[in-house]
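Engineer: Need coordinates for the below:
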Amino acid sequence: PTVTLKVLRAFIGRVNFIAGLVVYLRAIVTWLWHAVNAREDEASRHRPQAAGGRKPLASDRIHTRRLLRPLDWLDAFLSGREGAIERSLPLTPEPQARFRVTCDASPWGFGAILYENGEAIEWLAEALTADDEAAFNAKIGSSDFISVWEALALLVALRTWARKSGGRMELRTDSSCAIASLAGLRSKSPQILKVALEVCLDLAEDRYQVTEFFHIPGVTNLEADALSRLQAPEPLDFPASLSAAPRAATVNRFAAGFWRVAAPPRRTRLKVRGSS
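Structural biologist: Here you go, the predicted model:
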């Protein structure tokens with residue numbers, strides 16, 4: 001079965017209105033827009049007659065099978081097991097987070113540090129692997145995908161320290177692209193949207209709360225940067241300031257169930273770049 005892009009756009013517009021009230025739906029709206037944009041990209045290119053005498057799909061229509069995953073996710077969210085969807089706003093300023101997480105990534109790995117009242121109490125450092133390349137259709141060693149690895153670092157750090165921090169953390173990184181994507185729960189990049197969907201689901205389930213997102217200059221993010229480059233061709237020295245802090249038992253991003261939301265569609269003409 002197919003549906004016209006006009007009807008689909010109208011539906012997404014209505015969902016987008018709800019997403020203005022329920023921020024956790026922003027990622028699913030972006031996922032649906034990716035499907036629309038990918039179909040329009042295909043329609044803009046000439047397509048020959050289909051094999052077997054079948055006509056190609058009209059340019060103003062899209063197969064519903066391309067929408068099943070995001071619509072299933074939307075249905076599961078709206079009919080979730082946790083009861084009615086609510087959004088509350090505090091009448092007084094919330095207290096500052098006791099815990100702060102600072103992250104960074106390089107083309108070869110990523111690192112993060114957990115601070116409690118300004119003192120480093122744990123750190124993590126992970127090398128990127130072939131499994132990461134496959135999961136994100138990316139390439140280790142290429143700076144084109146640095147924003148993808150920055151977003152992945154934030155997700156791993158949040159899930160690693162969700163319990164230790166009591167679920168309330170202030171998040172800092174020198175990647176403006178990763179910060180904007182996770183704070184807004186949306187991204188034009190399918191790879192980064194994959195991470196944003198996971199964060200979206202975590203927040204909806206109250207696994208943790210990010211009290212503040214901060215972008216910091218790269219020249220000040222020396223410790224996390226050094227951790228991210230421990231596996232680089234020319235590795236940096238381990239930060240002496242972290243010598244008294246233990247290494248964290250990092251959440252296993254390769255375990256079954258870590259990725260709970262199916263990946264959004266890829267757009268072949270999209271390049272993943274970002275500023276740090």
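Engineer: where does the stretch 1-150 of the chain have low pLDDT?
Structural biologist: For the stretch 1-150 of the chain, the stretches with pLDDT under 70 are 46-54, 79-96.
Engineer: Can you show me the strands along it?
Structural biologist: 2-4, 61-63, 99-106, 109-116, 119-127 (DSSP state E, counting those that start in this stretch).
Engineer: The ones you listed: which one's closest to Ser165?
Structural biologist: strand 99-106 (3.8 Å; Cβ to Cβ). Where C-beta positions appear, they are placed from N, C-alpha and C, glycine not excepted.
Engineer: for that closest one, packing partners?
Structural biologist: strand 109-116, helix 146-160, strand 168-173, helix 222-228 (3 or more Cβ pairs under 8 Å, 6 or more residues apart in numbering; DSSP states H and E).
Engineer: could you check the angle strand 168-173 makes with that strand?
Structural biologist: Angle of strand 99-106 versus strand 168-173, following axes from the mean of the first three to the mean of the last three Cα atoms, to 10 degrees, is 30 degrees.
Engineer: Provide the strand pairings for strand 99-106, with the direction of each partner.
Structural biologist: strand 109-116 (antiparallel), strand 168-173 (parallel) (DSSP bridges).
Engineer: and of the helices and strands packed on strand 99-106, who's closest to Phe11?
Structural biologist: Here helix 146-160 is closest among the helices and strands packed on strand 99-106 (Cβ to Cβ), at 27.8 Å.
Engineer: contact partners of the lengthiest helix in the chain?
Structural biologist: Counting residues, the longest helix found in the chain (DSSP state H) is helix 26-44. Identification of contacts with helix 26-44 by Cβ atoms under 8 Å, 6 or more residues apart in numbering yields 5, 8-9, 12, 15-16, 19, 59-60, 62, 66-67, 69-71, 73-74, 77, 184-187, 190, 193, 196-197, 199-200, 264-269.
Engineer: Give me the buried positions along that helix.
Structural biologist: 26-36, 38-39, 43 (16 or more other Cβ atoms under 10 Å).
Engineer: and if you look at stretch 168-185?
Structural biologist: Going by 16+ other Cβ under 10 Å, stretch 168-185 has these buried residues: 168-175, 177-183, 185.
Engineer: Stretch 186-204 now?
Structural biologist: Buried, per 16+ other Cβ under 10 Å, within stretch 186-204: 186-187, 189-204.
Engineer: before we move on, back to that, in TSV, list the strands paired with strand 99-106 along with distance to Ala127.
Structural biologist: Shown next, in TSV, are the strands paired with strand 99-106 (distance: least, Cβ to Cβ, whole Å):
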stretch	distance to Ala127
strand 109-116	4
strand 168-173	19
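Engineer: how far away is the most centrally placed residue in the chain from Val148?
Structural biologist: Residue closest to the average C-alpha location in the chain (Cα atoms, centre = their mean): Val195, at 2.2 Å. Remark: distance between Val195 and Val148 (Cβ to Cβ, to the nearest Å) = 8 Å.
Engineer: For Phe214, find the nearest of the helices and strands packed on strand 99-106.
Structural biologist: Checked against Cβ to Cβ, the stretch from the helices and strands packed on strand 99-106 lying closest is strand 168-173, at 4.4 Å.
Engineer: Need the contact partners of whichever helix or strand comes after the closest one.
Structural biologist: Once the chain leaves strand 168-173, the next helix or strand it forms, by DSSP states H and E, is helix 176-184. The contact list for helix 176-184 (Cβ under 8 Å, 6+ apart) reads 26, 147, 150-151, 153-155, 171, 173, 187, 189, 192-193, 195-196, 199, 210, 213-215, 273-276.
Engineer: Look at Asp72 and say how many residues are nearby.
Structural biologist: 11 (other Cβ atoms under 10 Å).
Engineer: and it, how far is that from Ser143?
Structural biologist: Distance from Asp72 to Ser143, counting by Cβ to Cβ: 35 Å.
Engineer: One more: Gly166?
Structural biologist: 36 Å.
Engineer: Next: Pro190.
Structural biologist: Taking Cβ to Cβ as the measure, Pro190 falls 19 Å from Ser143.
Engineer: got it, and Val156?
Structural biologist: Counting by Cβ to Cβ, the gap from Val156 to Ser143 is 20 Å.
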